[in-house]
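Peer 1: Below: sequence and its predicted model.
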Amino acid sequence: MEQDTVTSQEADTLQDIFSRPLFLSATIGIPFCIFKLLFGVTAVRVAPGTALDLFGWAVILWAGADLVMNTGRAILDIIGMEAPFEYCTIAQFGRLFKRPMVFLAFDTLLTFCIISAMLWSGWITILTRLESVLWYAATTLNLISLSLVILYNEIHRSE
C-alpha cells in the first residue's frame, strides 16, 4: 500500500510539472513563438515591398508579443507568482469573452498552419543556418514534451 502512495505522489509531481507555466512556456509557447517569428522573417525576406512583406512584419510583431508573454509567465512561475495575463495575445483577447482556452486552441491551430505553410511552400529550405537550428530546436522541444505528456498520461491511465 505504501508503494502505491509513493507512485501516486510521484504521478502528482509529474502532473504538476507538466501543467506549470514554466514547462508549458518552455516546451510549447516559446517554440510556437519561434515558428511564428521565423515564418514572419521568411515572408519579409521573400517578398520585400509587397503586402506579404507587411504581413510578415505583422507576424513578427505578433510572435514578439507572444514571446514576451510566455517569457513573463515562465519567470513569474519561477518566482512563485501567478501571471495576470495569458500565454499569447490571442488567448489574452479571449479573456474578453471569458474563453481564453478556446482562443489559445485557435492560436495553436494558426501555429500549426504556419508550420505547414513553411513546409509545403518550401520556405523551410531558405532559412539561414541559425534559423534552421532554432526551427529544429523548437520542433524537438515541442515534440518530445508532447510525447512525454502523452506517455505519462497513458501510463497513469493504465494503473
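Peer 2: Right, received. Where do you want to start? In this text, all values refer to a predicted model and were calculated from it rather than measured experimentally.
Peer 1: Might you list the low-confidence residue ranges for the chain?
Peer 2: Along the chain, the parts satisfying pLDDT under 70 run over 1-11, 159.
Peer 1: List phi and psi for P84.
Peer 2: Per-residue torsions, P84: phi -90, psi 10 (degrees, to the nearest 10).
Peer 1: And for it, the neighbour number?
Peer 2: A count of nearby residues for P84, using other C-beta atoms under 10 Å, gives 8. Using the backbone N, CA and C atoms, a C-beta is placed for each residue, glycine as well.
Peer 1: Likewise for F112?
Peer 2: 12.
Peer 1: cool, and the one 4 residues further on?
Peer 2: Burial of S116, expressed as a neighbour count using other C-beta under 10 Å, amounts to 10.
Peer 1: Distance of it relative to S145?
Peer 2: Noted for S116: a distance of 20 Å to S145, by C-beta to C-beta, to the nearest Å.
Peer 1: try D53
Peer 2: Distance of D53 to S145, given as C-beta to C-beta: 33 Å.
Peer 1: what does I155 give?
Peer 2: Using C-beta to C-beta, we find I155 at a distance of 16 Å from S145.
Peer 1: again with V41
Peer 2: Relative to S145, V41 is positioned 24 Å away (criterion: C-beta to C-beta).
Peer 1: which SS class is P48?
Peer 2: With DSSP: H, G, I helix; E, B strand; the rest coil as the basis, the three-state label of P48 is coil.
Peer 1: just the helices in this protein please.
Peer 2: All helices of the chain, identified by DSSP state H, fall at 2-18, 21-24, 30-46, 51-78, 89-94, 100-121, 129-158.
Peer 1: Which residue lies nearest the spatial centre of this structure?
Peer 2: By C-alpha atoms, centre = their mean, the chain has its centre lying nearest to G29, at 2.4 Å.
Peer 1: Let me see the contact set for that one.
Peer 2: By C-beta atoms under 8 Å, 6 or more residues apart in numbering, the contact set of G29 is D66, M69, N70, R73, Y87, C88.
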